[in-house]
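Asker: Next input, structure requested:
(4 chains)
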There are 4 protein chains.
Amino acid sequence: MATIRMNCDYLEGAHPNILNRLIKTNYDQTIPYGLDEITAGAKEKIKKACECPDGEVFFMVGGTQTNATMLDFILDKAEGVISADTGHISVHEAGAVEYCGRKVITIPAVNGKLSPASVRAYMESFYEDATWFHMVCPGGIYISHPSEYGTLYTAQELKELREICDKYDMQLYLDGARLGYALACEDTDVTLPVIAKYCDSFCIGGTKIGALFGEAAVFTNKKQAKHFITFIKQHGALLAKGRMLGIQFDELFENDLYLQLGNHANTLALKIKKAFAEKGYEIYVDAPSNQQFFLVTKEKLDEINRTVAVDDWGPVEGGKHLIRVTTSWATTEEAVDLLISLL
Amino acid sequence: MATIRMNCDYLEGAHPNILNRLIKTNYDQTIPYGLDEITAGAKEKIKKACECPDGEVFFMVGGTQTNATMLDFILDKAEGVISADTGHISVHEAGAVEYCGRKVITIPAVNGKLSPASVRAYMESFYEDATWFHMVCPGGIYISHPSEYGTLYTAQELKELREICDKYDMQLYLDGARLGYALACEDTDVTLPVIAKYCDSFCIGGTKIGALFGEAAVFTNKKQAKHFITFIKQHGALLAKGRMLGIQFDELFENDLYLQLGNHANTLALKIKKAFAEKGYEIYVDAPSNQQFFLVTKEKLDEINRTVAVDDWGPVEGGKHLIRVTTSWATTEEAVDLLISLL
Amino acid sequence: MATIRMNCDYLEGAHPNILNRLIKTNYDQTIPYGLDEITAGAKEKIKKACECPDGEVFFMVGGTQTNATMLDFILDKAEGVISADTGHISVHEAGAVEYCGRKVITIPAVNGKLSPASVRAYMESFYEDATWFHMVCPGGIYISHPSEYGTLYTAQELKELREICDKYDMQLYLDGARLGYALACEDTDVTLPVIAKYCDSFCIGGTKIGALFGEAAVFTNKKQAKHFITFIKQHGALLAKGRMLGIQFDELFENDLYLQLGNHANTLALKIKKAFAEKGYEIYVDAPSNQQFFLVTKEKLDEINRTVAVDDWGPVEGGKHLIRVTTSWATTEEAVDLLISLL
Amino acid sequence: MATIRMNCDYLEGAHPNILNRLIKTNYDQTIPYGLDEITAGAKEKIKKACECPDGEVFFMVGGTQTNATMLDFILDKAEGVISADTGHISVHEAGAVEYCGRKVITIPAVNGKLSPASVRAYMESFYEDATWFHMVCPGGIYISHPSEYGTLYTAQELKELREICDKYDMQLYLDGARLGYALACEDTDVTLPVIAKYCDSFCIGGTKIGALFGEAAVFTNKKQAKHFITFIKQHGALLAKGRMLGIQFDELFENDLYLQLGNHANTLALKIKKAFAEKGYEIYVDAPSNQQFFLVTKEKLDEINRTVAVDDWGPVEGGKHLIRVTTSWATTEEAVDLLISLL
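Answerer: Take a look at the predicted model:
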């Protein structure tokens, strides 16, 4: 058994700032369901970071929960959502979106991303098809940033997706389960205000970047959020002791802790990437954030796994295994060096 | 505008036998909801034709309705259904299956068919994947016979799909919206008893083969159908004057009318196919039943459509248009000759 | 066994005008899914009868299907629908509305009707309750006209329900499964234009008044109906040979046939009511249309049922049985006289 | 504003044992989704406490989530669930059960409880009704213990409900959101093994008795739980860092902490009840656990609320307000004395 795990980024508990705040507030009595003042403060911090004063923020517990609840809410009657075929909602959310009655319309991804050109082509052919009213109306676009392959959209790509949405009256939703890692990348021009400018709604993940749990769901226009709290409850997603979510995001958005944690993980991830490259391993996709993808032989994979657990995505063409190595807010330099020593 | 239509097989009303029976029974008073004696008789005829005495038959109005109601009923908790990516439920049922909360899991089709090998490969990789419990459980297999491209399964293929279902505790469901045309093909070894032997449930279409409307849903084991009538009602699919469905199927299964109508349409379809081939048109897929697929230039398509409406499936690689020509129980020899004269 | 049935109004086939039209048009080839010209004509007749030029009409097959599809469509996120506790959607639709994820919020009925005062009281207390956001938002009001007890709303009552809907941003939906019988009542001030004036949407039943099947769903403002045809398909409610519905409503709205049939049935129903009263039977509710409710002893019920089947609603307080006697477009004077002779 | 709150039992954070364990384990790396060893240990403790070795335990985050996910899972096709009309699922869960397509069939409650006699009467009349197949099949019974009015079932009542379930092939589900307080009551004969004996499944609440969040869902027969983890995920209810739930229940079930906390709250609640009685206030319902219900004038309510927040359930007949006073694991003797001093 490996003694150290780098196979995912939600293995540890919470960042100490969060734990300390939980301890400090433990005996406070606050009204439930996220209507307390701590939660209100956290919402304000997020709106400010997004430069989105007319927006509205809600907190939910988990990523699948947030995606399904948000998509089901923003889609209109008879509508489904377009996603990359590798998109998390299409593959690894156990059909949660479909459970809400919504089809996930898949388009082949390129390195985990949905290209504006492919969406544009889909939309054009959709309404040219005389049988279109027998098909689920594409009412929204789901993108994950970073994608499931660690890749990032550019501001230009978001702008183009926005234009498609405007043309066809669709919603643009960004799944930011690992958004902190994306925002902290050096060469990205996608900031929170850029996301808020181009997307109708998005989520900011806490679970994978230092929170015990929690995702912030952001509507860039609060008018869209009517009765959303009831809708959250109806989806079983309203936390009784809501301040637990408020506390965590209040800490993550204090002094840019969110970005600091992202930066920490990214720096270590790039160190790993560099080491794999120098040792001659094939880099599967050029990812700038905390998830890195390499091809290794089965023998090497087994050898690595004896000391450091990495994520095996199975054999690809040629027989080598695709592995994912993930750093997090909690990963130490020592762990990284140990992994590198195994290459 | 074309004066004759061969673009689909549900353009006319009903076969005269059905109309006459409607007229003859018009003032009879029968108890509603399909509990009448005419309907009971029709069910018995179908069970006999299927050599399936322990089965149970229900009638519903439309194809999408039947597929969605049946699949939602036979699938277990957390389960979705495997379908060819060209399958009717995946493309042209407006997300009716997903509306019931069920994911349609698509596998690339070959000429509209789902190959047993591709399903086997999917199932093997599914349970080898350590993350399988984050994915929708494949609980059933949906096939359409004939497929959306007019192709047929063989008895051997049904047997293999059955074996996969047995191995993984899955349901095999056959969508027979155009089943009459398939059964009447000359070179098929798939009969109703063969279908009843290998499938857990299937439907026999009436709408496209001489009924005003109506599909027969067959469970090969009546034990599986507990509370299905309530379930039908819950899905808005229980016809008040149920005998209308009973009458239609009682006529279709009287003296093999069902097969006679299929045979009529197939004969004409094959005449069309032969003519296209002789004139040098490319046959897109080698289909033995009432739907035929050809490649023609846009100019030729427009020319044909001025006299006989055919179905334009759009341009394919190379620029020619894929067209579907459909015969039905009501198609006349004259109409076919007219079409051929245009080639 | 009774030789004549007066237990419900959908025992026979169709009015001869409808049958004749089916025969006459049988070999016509029309485009499917209700996009044909006959259906277009029927829609225009209905819009004209409703004095509702900006409305939009769709046809579906059955009553439960229409109610569930319409309510699911007009309700917004997190919303449910208010209904009398005796309302058809609450009792006898097998949970079809709930199957669409919508709670039916029940309020005690008075003779089958929802009083405006009771709805007003519900709404006032709802928003006074600090926990309201933990409860399903009342987004619409469902009324059946005539009600399940044969009673009618007045124009004044519809106006008051409209005012409540305006105040709380709710939809008013009228289930007119037996609307023809209501419209034909002598002392009603509720006409189709009155309904169209006060309701956002409603349905006009065909099944129970001379059609083989079919309900017309009317939106009084076509803007509300965006993508409704896809939604109908998604709910399994889009008839392939759509002209079958168009034909039936085109005939029902030709020369006020709809009202003539209603008037015929009502006249016979009132004759029955008078006879029961004269013979000293207790009239359970004072209903003006084709459903009549009486109290009889179990012995009398059994005696009647030997000759004329009536509907037994079970014993009420005091031990007598509540029975429903229903006339229809097809009921004959002879049948009525036979029933009266048994009293 | 009141400085002390006794209006509900989920105002504070977590019991110190839980907080300490979170701190102690914070940097441990455990596999996600509740597959870790801490969670496994907690499950074993619960199964042992329930004397239910063949059972299976899952953890979810919230009460509404747990009820909806469990009920949707245990109910069969076309089935709904019987509940007291005051039941939490019927009133205050925002239609979460209906959102899953399941009707909540309500029966009038007596002091928050569903009497076996009333359920028996409902079931008998249900299947006597010839139209039963047009109605949602009652497939399960939901009870809350303690009820929303703080009352408890007896072992005899559970036994009778079990017998009804056996007779009609129904599931008995117990919502134990406040179960710890019920189990700790002095005069109850309902223990965890008794619950496990009579119910098919139930939940044990953590949120309201010392956890940050969390409910344990127990199936008394693990065979029933096939694919439940995927189902949880599909309902958005699978916590990524699953050990957070394991830790909390492992602590709650260590040395009967669960019962100790219940006992603490109950003792204080009974002290409050005694004081209200001695001061001449009307006790609305005779409740033995941590929720107490009294009638007070509006003036008195306002006076109390200035110092100690209590829960106002609105005016009842006679004009007095029904208030709920709730103690919890965290309530202090000083707070109770302060409240009493206000009477």
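Asker: Looking at the stretch 101-250 of chain A, what residue ends up closest to chain D?
Answerer: At 3.2 Å from chain D, A:Gly236 is the closest residue in the stretch 101-250 of chain A, using C-beta to the nearest C-beta. Every residue, glycine included, has its C-beta placed from N, CA and C.
Asker: quick one, what contacts A:Pro315?
Answerer: Counting by C-beta atoms under 8 Å, 6 or more residues apart in numbering or on different chains, A:Pro315 touches A:Lys298, A:His321, A:Leu322.
Asker: what helix or strand is the residue of the stretch 51-200 of chain A found nearest chain D on?
Answerer: Proximity of the stretch 51-200 of chain A to chain D (C-beta to the nearest C-beta) peaks at A:Gln65, 3.2 Å away. When elements are assigned from DSSP states H and E, A:Gln65 belongs to helix A:63-74.
Asker: Would that helix count as contacting chain C?
Answerer: Yes: applying C-beta under 8 Å from any C-beta of the partner chain, one finds helix A:63-74 in contact with chain C at A:Phe73.
Asker: ok, residues contacting stretch A:113-133?
Answerer: For stretch A:113-133, contacts defined as C-beta under 8 Å, 6+ apart pick out A:82-84, A:87, A:105, A:107-108, A:110, A:135, A:138, A:141, A:143, A:147, A:149, A:151, A:153, A:157, A:160-161, A:164, A:167-168, B:92, B:94, B:312, B:314, C:227, C:229-230, C:233.
Asker: Could I get the CA-only coordinates of that stretch as PDB?
Answerer: Extracted in PDB, the C-alpha atoms of stretch A:113-133 (Å, rounded to 0.1, in the frame of the first residue of the first chain):
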ATOM      1  CA  LYS A 113     -12.700  21.100 -23.800                       C
ATOM      2  CA  LEU A 114     -15.700  22.000 -25.900                       C
ATOM      3  CA  SER A 115     -14.500  24.100 -28.800                       C
ATOM      4  CA  PRO A 116     -16.800  27.000 -29.800                       C
ATOM      5  CA  ALA A 117     -16.500  25.800 -33.400                       C
ATOM      6  CA  SER A 118     -18.000  22.400 -32.600                       C
ATOM      7  CA  VAL A 119     -20.800  24.000 -30.600                       C
ATOM      8  CA  ARG A 120     -21.500  26.400 -33.400                       C
ATOM      9  CA  ALA A 121     -21.600  23.600 -35.900                       C
ATOM     10  CA  TYR A 122     -24.000  21.600 -33.700                       C
ATOM     11  CA  MET A 123     -26.400  24.500 -33.300                       C
ATOM     12  CA  GLU A 124     -26.400  25.300 -37.000                       C
ATOM     13  CA  SER A 125     -27.200  21.800 -38.000                       C
ATOM     14  CA  PHE A 126     -29.700  21.400 -35.200                       C
ATOM     15  CA  TYR A 127     -32.100  24.100 -36.500                       C
ATOM     16  CA  GLU A 128     -31.500  23.100 -40.100                       C
ATOM     17  CA  ASP A 129     -32.900  19.700 -39.300                       C
ATOM     18  CA  ALA A 130     -36.600  19.600 -40.100                       C
ATOM     19  CA  THR A 131     -37.100  17.100 -37.300                       C
ATOM     20  CA  TRP A 132     -35.600  19.400 -34.700                       C
ATOM     21  CA  PHE A 133     -38.800  19.500 -32.600                       C
END
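Asker: Show me where chain A has its strands.
Answerer: For chain A, applying DSSP state E gives strands covering A:4-5, A:56-60, A:79-84, A:104-107, A:137-144, A:171-176, A:201-205, A:215-219, A:282-285, A:291-296, A:308-309, A:311-315, A:321-326.
Asker: Is it possible to get a markdown table of those that adds distance to B:Ser201 and mean pLDDT?
Answerer: Putting the strands of chain A into a markdown table (distance: least, C-beta to C-beta, whole Å; pLDDT from 0 to 100) gives the following:
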| stretch | distance to B:Ser201 | mean pLDDT |
| --- | --- | --- |
| strand A:4-5 | 46 | 95 |
| strand A:56-60 | 39 | 98 |
| strand A:79-84 | 26 | 98 |
| strand A:104-107 | 26 | 98 |
| strand A:137-144 | 30 | 98 |
| strand A:171-176 | 37 | 98 |
| strand A:201-205 | 40 | 98 |
| strand A:215-219 | 40 | 98 |
| strand A:282-285 | 43 | 96 |
| strand A:291-296 | 43 | 98 |
| strand A:308-309 | 44 | 96 |
| strand A:311-315 | 34 | 95 |
| strand A:321-326 | 39 | 98 |
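Asker: JSON lines please, covering those strands and showing distance to D:Ser118.
Answerer: Below are the strands of chain A laid out as JSON lines (distance: least, C-beta to C-beta, whole Å):
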{"stretch": "strand A:4-5", "distance to D:Ser118": "54"}
{"stretch": "strand A:56-60", "distance to D:Ser118": "38"}
{"stretch": "strand A:79-84", "distance to D:Ser118": "43"}
{"stretch": "strand A:104-107", "distance to D:Ser118": "44"}
{"stretch": "strand A:137-144", "distance to D:Ser118": "45"}
{"stretch": "strand A:171-176", "distance to D:Ser118": "46"}
{"stretch": "strand A:201-205", "distance to D:Ser118": "45"}
{"stretch": "strand A:215-219", "distance to D:Ser118": "42"}
{"stretch": "strand A:282-285", "distance to D:Ser118": "62"}
{"stretch": "strand A:291-296", "distance to D:Ser118": "57"}
{"stretch": "strand A:308-309", "distance to D:Ser118": "56"}
{"stretch": "strand A:311-315", "distance to D:Ser118": "54"}
{"stretch": "strand A:321-326", "distance to D:Ser118": "55"}
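Asker: Spell out which residues of the stretch 201-343 of chain A are next to chain B.
Answerer: Remark: the part of the stretch 201-343 of chain A in contact with chain B comprises A:Asp312, A:Gly314, using C-beta under 8 Å from any C-beta.
Asker: how about the helices of the stretch 201-343 of chain A, start to end?
Answerer: Using DSSP state H, counting those that start in this stretch, the helices of the stretch 201-343 of chain A run over residues A:228-234, A:243-252, A:257-278, A:298-307, A:333-341.
Asker: Determine which stretch of these is the most buried.
Answerer: The highest mean neighbour count among the helices of the stretch 201-343 of chain A, using mean count of other C-beta atoms under 10 Å in any protein chain shown, belongs to helix A:243-252: a mean of 27.
Asker: List every C-alpha atom in it, with coordinates, as CSV.
Answerer: This file holds the C-alpha atoms of helix A:243-252, laid out as CSV (Å, rounded to 0.1, in the frame of the first residue of the first chain):
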residue,chain,number,x,y,z
ARG,A,243,-23.1,28.7,8.3
MET,A,244,-20.8,25.8,7.9
LEU,A,245,-20.7,26.6,4.2
GLY,A,246,-20.5,30.4,4.9
ILE,A,247,-17.5,29.9,7.2
GLN,A,248,-15.6,27.9,4.7
PHE,A,249,-16.0,30.3,1.8
ASP,A,250,-15.5,33.3,4.1
GLU,A,251,-12.1,31.9,4.9
LEU,A,252,-11.3,30.8,1.3
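Asker: quick one on the thing from earlier: quick one: buried residues of the helix holding A:Gln65?
Answerer: Using 16 or more other C-beta atoms under 10 Å in any protein chain shown as the test for burial, helix A:63-74 gives A:Gly63, A:Thr64, A:Gln65, A:Thr66, A:Asn67, A:Ala68, A:Thr69, A:Met70, A:Leu71, A:Asp72, A:Phe73, A:Ile74.
Asker: and if you look at stretch A:16-32?
Answerer: A:Asn17, A:Ile18, A:Leu19, A:Arg21, A:Leu22, A:Ile23, A:Thr25, A:Asn26, A:Gln29, A:Thr30, A:Ile31, A:Pro32.
Asker: Next step: those restricted to helices.
Answerer: A:Asn17, A:Ile18, A:Leu19, A:Arg21, A:Leu22, A:Ile23 (DSSP state H).
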